[in-house]
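> Test case, fold it:
(one chain, ligands or ions: 1)
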Amino acid sequence: MSKTQSVFITGSAGTGKSFLVSIAIDILKNDVYKPGEVFVTASTGIAACALNGQTLHSFAGIGLGVGDKHVLLKKVVKNATAFKRWKSVKALVIDEVSMISCDLFDKLEYIARSLRGRVDKPWGGIQLIVSGDFFQLPPIVEDPLGREFAFEANCWNASFDLQVELTQVFRQSEREFIDLLQGVRRGRKDEEHLRILQHCCNEPVDSSVTVPRLYPLNMHVQRVNDARLRSLSGEIFKYTAKDTGKNPWKWQLSNGVAPDELELGIGARVMLIKNKDVGVGLVNGATGTIVDFVHHTGKKSWGAFAKCLLPKVRFDSGLEHVIEPDEWHVMEGEKALATRKQIPLILAWAISIHKCQGMTLDCLHTDLSNAFGYGMVYVALSRVRNLQGLYLSGFDSSKIKAHPKVLEFYNNQLGSKQLQ
Ligand SMILES: Nc1ncnc2c1ncn2[C@@H]1O[C@H](COP(=O)(O)OP(=O)(O)OP(=O)(O)O)[C@@H](O)[C@H]1O
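Got it, this is the predicted structure:
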C-alpha cells in the first residue's frame, strides 16, 4: 500500500483499528504532508478524543447536519474556518464510521468534490483513512430511502483504493472469550457461549473499585448518575442552561446537546462534552473527577453564569482545568438561530453504550435487558479485556443480533473488494 492511498480498515472490536489509525496519522503528519493538511475525526466525541481529533460534524462545519447536500454546502461556504479546512485538507481520518449514516457520507463527499475544484475525483482528491466495524452500533438517524450504513453510500467503493479487514484480536487474550465475542458479533447464540455469559451475571465483589456502568438507555444512565451524586457528602451546585432563539431550533438544542439542568459536586465523575483545547486533550469525551469549585477568572462575561462558582476537573490524563460555560448554536450561515449556554460537562459514573463504542475497559457492569437494535450487546461485551472483569445483569440472548445487510457486506461485498 502506498502512503497516499485511501483505505478502509475494518475488523472485530479490539483488532487494533484505532491503534493502526494512530500509527497512520503519525506517518501522514510527519512523513507525507505539511502541518495543517491532515485532519483527524471520528463519529463520536469520545472516539475523536482517543485520537486527539474532533468530531466529523465539527470538522465539516455542518452544524447538526440538517438539510440536503446543497444546504450543507452553502453552510460550509459561509463558515470561513470550515471552508478553509476543506480547502487545505489532504488526508482525512474518520474513525468509528459505523455510526456515520450513508446519507451523511454521500453529502460530505459531495461537499469535498464541490469545494476542491476536482469534481472528477472522489472526495475532490482527499486521501481517506476510514476505520470501523459495521457489526457495532449503526447510525442513529435512518435514511428516508431505507439506506443506513456508510457502505451503502453511492460513493463508498470509489472512495477507497483498498479495503482491509484485521483479524487478530488484541483487546482480549482468552480464547474462549474471543470465540464468544466472534459469535455474538455475527448474531450467533451458541449454547456454550450463553452458559459462559450466565456465569458473568453477578454484582462486582469489591465495592472499592469504581466499575463503570454501561446502559442501553439514557434514562438508566441518568438514574445511576443521580443516585451517585446524591451519595456525595459535599455541596451540590446546580447549573441551568440558558437558551435564546425560537423553536424549532431552540428545541433542537434542548434535545441532548447539553443538559437542561446539570448538578455537580466534589468527587463527581464527569465527561467533557465540548472541544476546549484539542492540543492538550481537553476534548469532547475526556473524563475526570471534580476536585473543586472556584470563582470565574476568565475575561469573557457569561451573563447569568457570571456569579456561579465553576467546577475544576482533574482529567484522567492528570491535567486540571476550570470548566467555563460554553455555547452551542443552530446556525444558518453566519447567523445563530438559537443558542444554548451551559457548563460543558455531564455526569459519567454511568454512560450509555452509544458513548462507549471504541473504549477499552478493565472492568464493566452492564444491564442489557433493554438492549435494542443491532450490535449493542456486542459493543458492550467487547469493551472489557477479560471475562473476570465482566459483570452482567438482565442478560437476554434474544438481544444478540447482527444486521442482515452487515452480514451480507462482510460475507460478500467486502471480501470481493479486498486487495492483498
Ligand atoms: N498491534 C497491537 N499490538 C498490541 N496491542 C494492540 C495492537 N493493536 C491494538 N492493541 C491494543 O488492543 C486494544 C484495542 O485496540 P483498538 O482500540 O485499536 O481496537 P479497535 O479495533 O479500534 O476496537 P473497537 O472496534 O472496539 O474500537 C488497545 O488496548 C490497544 O492498545
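
> Could you pull out the buried residues of stretch 327-344?
327-331, 337-344 (16 or more other CB atoms under 10 Å). (Glycine included, C-beta is placed from N, CA and C.)

> and if you look at stretch 179-196?
Buried residues in stretch 179-196, counting neighbours by 16+ other CB under 10 Å, are found at L180, L181, Q182, G183, V184, R185, R186, G187, H193, I196.

> and if you look at stretch 14-28?
Buried, per 16+ other CB under 10 Å, within stretch 14-28: G14, T15, G16, K17, S18, F19, L20, V21, S22, A24, I25, L28.

> The ligand next: which of those residues are close?
Filtering the buried residues of stretch 14-28 for neighbours of the ligand using CB under 6 Å from any ligand atom leaves G14, T15, G16, K17, S18, F19.

> Can you give me the distance of the fourth one to D133?
This points to K17. K17 sits 7 Å away from D133, going by CB to CB, to the nearest Å.

> Check the last one too.
Between F19 and D133 the distance is 14 Å, computed by CB to CB.

> The first one now?
Between G14 and D133 the distance, using CB to CB, works out to 10 Å.

> circling back to that earlier point, columns secondary structure on top of the ones next to the ligand among the buried residues of stretch 14-28, output as a markdown table?
Listed next are those as a markdown table, based on DSSP: H, G, I helix; E, B strand; the rest coil:
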| residue | secondary structure |
| --- | --- |
| G14 | coil |
| T15 | coil |
| G16 | coil |
| K17 | helix |
| S18 | helix |
| F19 | helix |
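
> nearest to the ligand, of those?
G16 (2.5 Å; CB to the nearest ligand atom).

> so who does the closest one touch?
Counting by CB atoms under 8 Å, 6 or more residues apart in numbering, G16 touches L166, Q168, F170.

> Looking at those, which one is closest to the ligand?
Among the contacts of G16, and counting by CB to the nearest ligand atom, the member closest to the ligand is F170, at 3.4 Å.

> Which secondary structure element is home to that closest one?
Using DSSP states H and E, F170 sits within no helix or strand.

> Nearest spatial neighbour of it, chain-adjacent residues omitted?
Leaving out its chain neighbours, the residue that sits closest to F170 by CB to CB, 6 or more residues apart in numbering is G16, at 5.0 Å.

> re earlier: which residues do K17 and D133 both contact?
By CB under 8 Å, 6+ apart, the residues touching both K17 and D133 are T10, G11.

> if we can go back for a sec, ok, which pair from the buried residues of stretch 327-344 is furthest apart?
Farthest pair in those (CB to CB) is L337 and I343. Separation: 22.5 Å.

> Can you read off the pLDDT for E109?
Listed pLDDT for E109 reads 97.

> ok, it touching F160?
No. With contact defined as CB atoms under 8 Å, E109 does not count as touching F160 (11.8 Å).

> Please name the residues that touch K341.
For K341, the contacting residues are A241, K242, D243, W302, G303, A304, F305, P325, D326, E327, by CB under 8 Å, 6+ apart.

> T360: how many residues sit nearby?
Using other CB atoms under 10 Å, T360 is surrounded by 17 other residues.

> before we move on, what about W302?
Look at W302: counted by other CB under 10 Å, it has 18 neighbours.

> Name all residues that make contact with it.
Listed by CB under 8 Å, 6+ apart, the contact partners of W302 are H296, E324, P325, K341.

> One more pass at 10 Å, please.
Contacts for W302 (CB atoms under 10 Å, 6 or more residues apart in numbering) come out as K242, H296, C308, L310, E324, P325, D326, E327, K341, I343.

> quick one: which of those residues has the most company?
I343 (24 neighbours).

> returning to that earlier point: just the contacts of W302 now: which is nearest V66?
Distances from V66 to these, taken by CB to CB, are shortest for E327, at 18.3 Å.

> my guess is that closest one is in a strand, correct?
Yes. According to three-state DSSP, E327 belongs to a strand.

> any idea how far it is from R223?
From E327 to R223 the distance is 29 Å (CB to CB).

> Need the distance between the two termini of stretch 326-343.
Counting by CA to CA, to the nearest Å, you get 6 Å between the two ends of stretch 326-343.

> wait, I meant stretch 122-130
Start and end residues of stretch 122-130 are separated by 14 Å (CA to CA).

> List the buried residues of that stretch.
Buried residues in stretch 122-130, counted by 16+ other CB under 10 Å: P122, W123, G124, I126, Q127, L128, I129, V130.

> Is any residue of it near the ligand?
No. Looking at stretch 122-130 against the ligand by CB under 6 Å from any ligand atom, there are no contacts, and the closest approach is 12.4 Å.

> Specify the beta-bridge partners of S131.
The partner list for S131 in beta bridges (DSSP bridges) reads I9.

> how many neighbours does it have?
Counted with other CB under 10 Å, S131 comes out at 27.

> How much space separates it from T167?
For S131, the distance to T167 equals 14 Å [CB to CB].

> what do you get for I27?
I27 sits 22 Å away from T167, going by CB to CB.

> circling back to that earlier point, show me which of the contacts of W302 is closest to the ligand.
Nearest to the ligand among these: D326, at 27.3 Å, using CB to the nearest ligand atom.

> residues contacting the closest one?
D326 sits next to 258, 272-276, 302, 340-345 when contact means CB under 10 Å, 6+ apart.

> is it true that E165 lies in a strand?
Yes. Remark: E165 belongs to a strand, assigned using three-state DSSP.

> give me every residue that touches it.
E165 neighbours (CB under 10 Å, 6+ apart): F8, I9, T10, G11, S12, T15, K17, D133, Y410, L414, G415, Q418.
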